[in-house]
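# just the structure for this:
(one chain, ligands or ions: 2)
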Amino acid sequence: MDGVVDHLADERNKAQFDVEEMKIVWAGSRHVFELSDRIARLVASDPVFRKDNRATLSRKDLFKNTLRKAAHAWKRIIELRLSEEEASKLRFYVDEAAFTDLHWGMFVPAIKGQATEEQQQKWLPLAYKMQIIGCYAQTELGHGSNVQGLETTATFDPQTDEFDIHSPTLTSSKWWPGGLGKVSTHAVVYARLITDGQEHGVHGFIVQLRSLDDHLPLPGITIGDIGMKFGNGAYNTMDNGVTRNGKCVRSNVPRQLIYGTMVFVRQTIVSDASCALSRAVCIATRYSAVRRQFGSQNGGVETQVIDYKTQQNRLFPLLAAAYAFRFVGEWLKWLYTDVTQRLQANDFSTLPEAHACTAGLKSLTTTFTADAIEECRKLCGGHGYLCSSGLPELFAVYVPACTYEGDNVVLLLQVARFLMKTVSQLGSEKKPVGTTAYMGRVEHLMQCRCSVQKAEDWLNPNTILEAFEARTARMSVAVAQKLAQFANPEEGFLELSPNLVEASVAHCQLIVVSKFIEKLQQDIPGKGVKELLGMLCNIYALNILHKHLGDFLSTGSITPKQGSLANDQLRSLYSQVRPNAIALVDAFNYTDHYLGSVLGRYDGNVYPKLYEEAWKDPLNDSVVPDGYHEYIRPLLKNQLRNARL
Ligand SMILES: CCCCC/C=C\C/C=C\C/C=C\C=C\C(=O)SCCNC(=O)CCNC(=O)[C@H](O)C(C)(C)COP(=O)(O)OP(=O)(O)OC[C@H]1O[C@@H](n2cnc3c(N)ncnc32)[C@H](O)[C@@H]1OP(=O)(O)O
Ligand SMILES: Cc1cc2nc3c(=O)[nH]c(=O)nc-3n(C[C@H](O)[C@H](O)[C@H](O)COP(=O)(O)OP(=O)(O)OC[C@H]3O[C@@H](n4cnc5c(N)ncnc54)[C@H](O)[C@@H]3O)c2cc1C
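Ligands and ions are numbered 1, 2, ... in the order given. You can find the predicted model right below:
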């Protein structure tokens, strides 16, 4: 940082581990770190990608600016001959929810995952060259969660060799698809296939929406944006749209698993959660080290708020979770790749596990992250509520992750189905494997006793693992036993769905903890790196244990005393992490541009920059505000006149 004072230098000097090596761990490899660092700086140095003005633009100006950025990004990708990996990183660091997310994040994956070889050869080159822009049109005004309830029909007409894509009711209008409203020329539309009067369920159809000449909707197609969404800038850079009707030639009907794209996107959302969470935690951690409040002795400096145990108790579990989600996201990416290879060999054996894991971990990580971003705002006090903190926008863009790609409760119920099926098969030849392998030890887990006698005993990964396994096994068996009392299993499932959701959360938390522990069994270079990750793993696990103590106690998985010892150990871990906190968030290697936060600046130079930012607000363009002379002056004059009467 040439010539700039680093207000966090003292904090950085406290680090007890090799930050440069931790950066490699966070990135996943040296290659990804170097590529990410290079692309992040490229984006940060390009004035077209500025984002500090988003909150003050009108929706139309905001959207037009998004199109400008997307076109500029594409131009830079072509000019610099960026690889797909580099281009994806560039779009990530541009950090704007836009139609390109859905083109690359769903339309292309849907064609790659569901279209035939022939269809891929036709459509993928057009999509890769952005000669067409696509979106993923599944959700309707009346149905989103219930895919089998979709009403749009696709009736084959042998005369024209086409499908008539029809929206028979208002509620069948496609509604929400990102990029649909104003930009996409094509969509993968999900509709009920009808041939010769026979209905064949929901299938995908590649439909052209707009002319490639003048961008006007094709004949018979109604199309538009669904309107403003939560927050100012935020997700309003995205044209989530509505459309009705269309046409599709017979050769445009993908043949594969219609649910495959959702499995793919859900696994990417877990990694996205780790990114969004780490951004918020980086801002809150740096600001907590800068902010001083109370505690000054005879006029000396006040206490850094990061030194308050309550601040650590709220912040450090979020820091730990950012790393935990990073590693479970790495594992989930492997699981998805593995299941995709198996499917290509017609091996469907791990598809149920892949569905349950992607659904459950997407639900768990997005719910936690949405709550955590709000907690980070609160950790920053009043200044966290300013747009210049970066946190309100991050929250507004992030929270729909709890809904899109599957409502989080609906997805946990999918995990519950998977868990109940696993429990029902215990004792049969079909042994539980993968993430439910622990259920194979259910006899032991139903009666084992936690061995913790003193706080440090909680540092043993096997002790933590067994407590989490016992909790989940006992919750799952308990709800399965209740289910068995219902004559109608579906009725029982509905009645007991709250319990089922809790067992599913427990199962997913166990997966996150176990994957963190597995990560620590790998060779991890760098002074102190593995030690710090071990502390974060223990903080993540013991914080979950503390927050869900009711489960652990009601299932008898631990005793109240052991729960109290876990809390004692947590406080001790906070003290060990405290000197490393700034270095742990530096390891994310985020540029100030990407963070978009005055509070989270690398140099910690917060107050002068906060003050500087204020004057940029358009409201300060004039000393006397618009409206004073029309409304305030007469009011004051009238009041003064009345006062004299
Ligand atoms: C800022 C931008 C970020 C950029 C990131 C990149 C991309 C953008 C990502 C997200 C943001 C933007 C866009 C968002 C897009 C969307 O939201 S797309 C629409 C998403 N919609 C959903 O997720 C709908 C959720 N509902 C469902 O998935 C199904 O309806 C549900 C699973 C709930 C029910 O399925 P259904 O078939 O009706 O009933 P069953 O429960 O009986 O299931 C039947 C069997 O099928 C198995 N199964 C279900 N789903 C899957 C699956 N995905 N994969 C594999 N198998 C599946 C299920 O287990 C049953 O099997 P058994 O019969 O038990 O063996
Ligand atoms: C920002 C954003 C972007 C989106 N982008 C796209 C896109 O690009 N393409 C696309 O196709 N879709 C998109 N969607 C739509 C999204 O996929 C759906 O909104 C999502 O799947 C949830 O479905 P829903 O809206 O029908 O919710 P609902 O299912 O109506 O949820 C309402 C409530 O009902 C509860 N509920 C529903 N079913 C059950 C049940 N069986 N048991 C218990 N509780 C239940 C839910 O938990 C929730 O509390 C987007 C949505 C958003 C917010």
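# what's the nearest residue in this protein when you look at ligand 1?
Of all residues in the chain, G105 sits closest to ligand 1, at 2.6 Å by C-beta to the nearest ligand atom. Every residue, glycine included, has its C-beta placed from N, CA and C.
# residues in contact with the nearest residue to that residue once chain neighbours are set aside?
Distance criterion C-beta to C-beta, 6 or more residues apart in numbering; nearest residue to G105, sequence neighbours excluded, is V265 at 6.5 Å. V265 makes contact with 105-106, 109, 405, according to C-beta atoms under 8 Å, 6 or more residues apart in numbering.
# narrow these to those in helices?
P109 (DSSP state H).
# columns neighbour count on top of the contacts of V265, output as TSV?
Output for those, formatted as TSV (neighbours: other C-beta atoms under 10 Å):
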residue	neighbour count
G105	23
M106	26
P109	19
E405	26
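# what's the most distant pair in the contacts of V265?
P109 and E405 (11.9 Å; C-beta to C-beta).
# dihedrals phi and psi, the nearest residue to L8 once chain neighbours are set aside?
Distances taken as C-beta to C-beta, 6+ apart put G604 closest to L8, at 4.0 Å, once the chain neighbours are dropped. Dihedral pair for G604: phi 70, psi 10, per degrees, to the nearest 10.
# tell me, how many residues neighbour G604?
Per other C-beta atoms under 10 Å, the neighbour tally for G604 reads 23.
# that one contacts R292, correct?
No. Look at G604 against R292 with C-beta atoms under 8 Å: they stay out of range, at 11.8 Å.
# one step back: include distance to T472 and pLDDT when you put the contacts of V265 into JSON lines, please.
As requested, the contacts of V265 are exported to JSON lines (distance: C-beta to C-beta, whole Å; pLDDT from 0 to 100):
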{"residue": "G105", "distance to T472": "32", "pLDDT": "95"}
{"residue": "M106", "distance to T472": "32", "pLDDT": "96"}
{"residue": "P109", "distance to T472": "31", "pLDDT": "95"}
{"residue": "E405", "distance to T472": "24", "pLDDT": "97"}
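# make CSV from the contacts of V265 and add distance to A541 to it.
Listed next are the contacts of V265 as CSV, based on distance: C-beta to C-beta, whole Å:
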residue, distance to A541
G105, 32
M106, 34
P109, 33
E405, 27
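# near ligand 1, which residues of the protein show up?
Residues of the chain found near ligand 1 (C-beta under 6 Å from any ligand atom) are 97, 101-102, 105-106, 136, 138-139, 144-148, 178, 259, 262-263, 265, 268, 272, 351-352, 355, 404-406, 410, 414, 417.
# which ones among these also lie next to ligand 2?
Among the residues of the chain next to ligand 1, ligand 2 is touched by 102, 136, 138-139, 144-145, 178, 404, 406, 410 when using C-beta under 6 Å from any ligand atom.
# which among the residues you listed count as buried?
Among these, the ones that count as buried by 16 or more other C-beta atoms under 10 Å are 102, 136, 138-139, 144, 178, 404, 406.
# tell me where the chain has strands.
134-137, 153-157, 162-166, 174-175, 186-195, 198-208, 222-225, 241-244, 246-249 (DSSP state E).
# strand partners (parallel or antiparallel) of the first one?
Think strand 134-137. When pairs are called by DSSP bridges, strand 134-137 turns out to pair with strand 186-195 (parallel).
# the partner strand and ligand 2 in contact?
No. Legend: contact between strand 186-195 and ligand 2 by C-beta under 6 Å from any ligand atom is lacking; minimum distance shown is 7.5 Å.
# so how far is D101 from L209?
In this view, L209 and D101 are 18 Å apart by C-beta to C-beta, to the nearest Å.
# the more surrounded of these two?
L209 (25 against 19).
# who touches the more buried one in this structure?
By C-beta under 8 Å, 6+ apart, the neighbours of L209 are 180, 184-187, 217-218, 221, 223, 243, 246.
# one more time with 10 Å, if that's ok
132-135, 137, 174, 180, 183-187, 189, 215, 217-218, 221, 223, 241, 243, 246 (C-beta atoms under 10 Å, 6 or more residues apart in numbering).
# among these, name the buried ones.
Judged by 16+ other C-beta under 10 Å, buried ones among the contacts of L209: 132-135, 137, 174, 180, 183-187, 189, 217, 221, 223, 241, 243, 246.
# so how many other residues sit close to the spatially closest residue to L90 that is not a sequence neighbour?
Once flanking residues are discounted, L90 sits nearest to I39: 5.2 Å by C-beta to C-beta, 6+ apart. Here the number of neighbours of I39 (other C-beta under 10 Å) works out to 23.
# which single residue of this structure ends up nearest ligand 2?
Counting by C-beta to the nearest ligand atom, the chain gets nearest to ligand 2 through G144 (2.5 Å).
# show the pLDDT at the closest residue to that residue other than its chain neighbours.
Spatial nearest neighbour of G144, chain neighbours left out: W176 (6.9 Å); criterion: C-beta to C-beta, 6+ apart. If you check W176, the pLDDT there is 98.
# heads up, I number from 8, so please use that
Shifting the count to begin at 8 puts that one at W183.
# so how far is K236 from W183?
10 Å.
# list residues touching both of the two?
247, 407.
# which one of the two has more residues nearby?
Neighbour totals were compared for W183 and K236, and W183 leads with 20 against 16 (other C-beta under 10 Å).
# residues in contact with the more buried one?
With C-beta under 10 Å, 6+ apart, W183 has these contacts: 143-148, 151, 233, 247-249, 407, 410-411.
# quick check: of those, which lies closest to F212?
Among the contacts of W183, and counting by C-beta to C-beta, the member closest to F212 is A144, at 9.2 Å.
# does that closest one touch N252 like I think?
No. Applying C-beta atoms under 10 Å as the test, A144 and N252 come out as separate, 11.8 Å apart.
# where do the contact lists of the two overlap?
159, 172, 181, 214.
# want to throw the residues you listed into JSON lines with distance to L472?
Output for the shared contacts of A144 and N252, formatted as JSON lines (distance: C-beta to C-beta, whole Å):
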{"residue": "T159", "distance to L472": "47"}
{"residue": "I172", "distance to L472": "51"}
{"residue": "K181", "distance to L472": "45"}
{"residue": "V214", "distance to L472": "49"}
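# neighbour-wise, which one of those leads?
K181 (29 neighbours).
# so it bridges to which residues?
E147, T250.
# switch the contacts of W183 over to JSON lines; also include pLDDT and distance to E125.
Putting those into JSON lines (pLDDT from 0 to 100; distance: C-beta to C-beta, whole Å) gives the following:
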{"residue": "Y143", "pLDDT": "97", "distance to E125": "21"}
{"residue": "A144", "pLDDT": "98", "distance to E125": "22"}
{"residue": "Q145", "pLDDT": "97", "distance to E125": "23"}
{"residue": "T146", "pLDDT": "98", "distance to E125": "28"}
{"residue": "E147", "pLDDT": "98", "distance to E125": "29"}
{"residue": "L148", "pLDDT": "98", "distance to E125": "33"}
{"residue": "G151", "pLDDT": "98", "distance to E125": "31"}
{"residue": "I233", "pLDDT": "98", "distance to E125": "34"}
{"residue": "N247", "pLDDT": "98", "distance to E125": "31"}
{"residue": "G248", "pLDDT": "98", "distance to E125": "29"}
{"residue": "V249", "pLDDT": "97", "distance to E125": "31"}
{"residue": "P407", "pLDDT": "97", "distance to E125": "35"}
{"residue": "T410", "pLDDT": "98", "distance to E125": "35"}
{"residue": "Y411", "pLDDT": "97", "distance to E125": "31"}
